[in-house]
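**Student:** A structural model of the following input is requested.
(chains A and B)
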Amino acid sequence: GENVEQHPSTLSVQEGDSAVIKCTYSDSASNYFPWYKQELGKRPQLIIDIRSNVGEKKDQRIAVTLNKTAKHFSLHITETQPEDSAVYFCAARGLQGSARQLTFGSGTQLTVLP
Amino acid sequence: EPEVTQTPSHQVTQMGQEVILRCVPISNHLYFYWYRQILGQKVEFLVSFYNNEISEKSEIFDDQFSVERPDGSNFTLKIRSTKLEDSAMYFCASRGQMNTGELFFGEGSRLTVL
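**Tutor:** Okay, here's the model as predicted:
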């Protein structure tokens, strides 16, 4: 099955700096890569996603890049703010099963220092 | 905005007891999932459900777990004989479309097994 590795596990940045989180996946057939933000005690919320036919996608201060050849994708947050502090999970969706579940990375605790 | 709802938000039970966690997916969605998150760890896939049957299940989803969609709106997860290691947050999720479609998570049910 799919295996998703995520790094780093913790990341601290100064407010206004950029943050980058990286993930690799194992199944070359995976075609959908979302990123979720999870605040303490809350549900994961989708912040951005990318499909395998696109190399980069941007939404205001967040962007995701995908390298299909290397099987890795990254989340970039620019001009970080304290409210960006949360756990971020990457995920990949392969072609297993008719419902095609997501496989999640282990998460990155991002702390933005004021 | 439509959302996935889960009950109870928190359940405390004794080891060996049966627990039923309930979910109401978004009404026009076709794919339903249960995920588990042990405190401080990643979101782990348990089971997916489509067309009134289990589509895929993980190694975690052993014989003590079962799912049902009894009435076309509710989607339940039953744990027959709870163990201490079943203590976790259980998230229900649903998705509308096969090849696209964001996965929407419920707020989660926190299960504490004593």
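
**Student:** Tell me where the model's unsure across the chain.
**Tutor:** No chain was given, so I picked chain A. For chain A, applying pLDDT under 70 flags the ranges A:96-98.

**Student:** ah, no, chain B please
**Tutor:** Ranges of chain B meeting pLDDT under 70: B:98-100.

**Student:** which non-adjacent residue is nearest the most centrally placed residue in it?
**Tutor:** Centrality entry for chain B: nearest residue to the mean C-alpha point is B:Trp34, 3.1 Å, by Cα atoms, centre = their mean. When the adjacent residues along the chain are set aside, B:Trp34 lies closest to B:Leu46, with 4.3 Å between them (Cβ to Cβ, 6 or more residues apart in numbering or on different chains). Yep, even glycine has a C-beta here, placed from its N, CA and C like the rest.

**Student:** what about the one you found, how many neighbours?
**Tutor:** Neighbour count of B:Leu46, defined by other Cβ atoms under 10 Å in any protein chain shown: 21.

**Student:** So what touches stretch B:66-84?
**Tutor:** The contact list for stretch B:66-84 (Cβ atoms under 8 Å, 6 or more residues apart in numbering or on different chains) reads B:13-25, B:27, B:32, B:34, B:46-47, B:49, B:52, B:54, B:63-65, B:86, B:90, B:92, B:94, B:111, B:113-114.

**Student:** can you rerun that using 7 Å?
**Tutor:** B:13, B:15-25, B:32, B:34, B:47, B:49, B:52, B:54, B:64-65, B:86, B:90, B:92, B:113 (Cβ atoms under 7 Å, 6 or more residues apart in numbering or on different chains).

**Student:** Figure out the length between the terminal residues of that stretch.
**Tutor:** Start and end residues of stretch B:66-84 are separated by 18 Å (Cα to Cα, to the nearest Å).

**Student:** CA atoms of the host helix or strand of A:Trp35 as PDB?
**Tutor:** Assigned by DSSP states H and E, A:Trp35 belongs to strand A:32-38. This file holds the C-alpha atoms of strand A:32-38, laid out as PDB (Å, rounded to 0.1, in the frame of the first residue of the first chain):
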ATOM      1  CA  TYR A  32      -4.000  13.500  -5.400                       C
ATOM      2  CA  PHE A  33      -2.100  15.200  -2.700                       C
ATOM      3  CA  PRO A  34      -3.900  17.300  -0.100                       C
ATOM      4  CA  TRP A  35      -2.500  19.200   2.800                       C
ATOM      5  CA  TYR A  36      -4.400  19.500   6.100                       C
ATOM      6  CA  LYS A  37      -4.100  21.800   9.000                       C
ATOM      7  CA  GLN A  38      -5.100  20.600  12.400                       C
END
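
**Student:** Next secondary structure after it?
**Tutor:** As assigned by DSSP H and E, the chain's next helix or strand after strand A:32-38 is strand A:45-51.

**Student:** Any idea how many residues pack against residue 110?
**Tutor:** The chain I'm using is chain A. The local packing of A:Leu110 (other Cβ under 10 Å) involves 21 other residues.

**Student:** Can you look at chain B instead?
**Tutor:** The number of residues packed near B:Arg110 is 18, by other Cβ under 10 Å.
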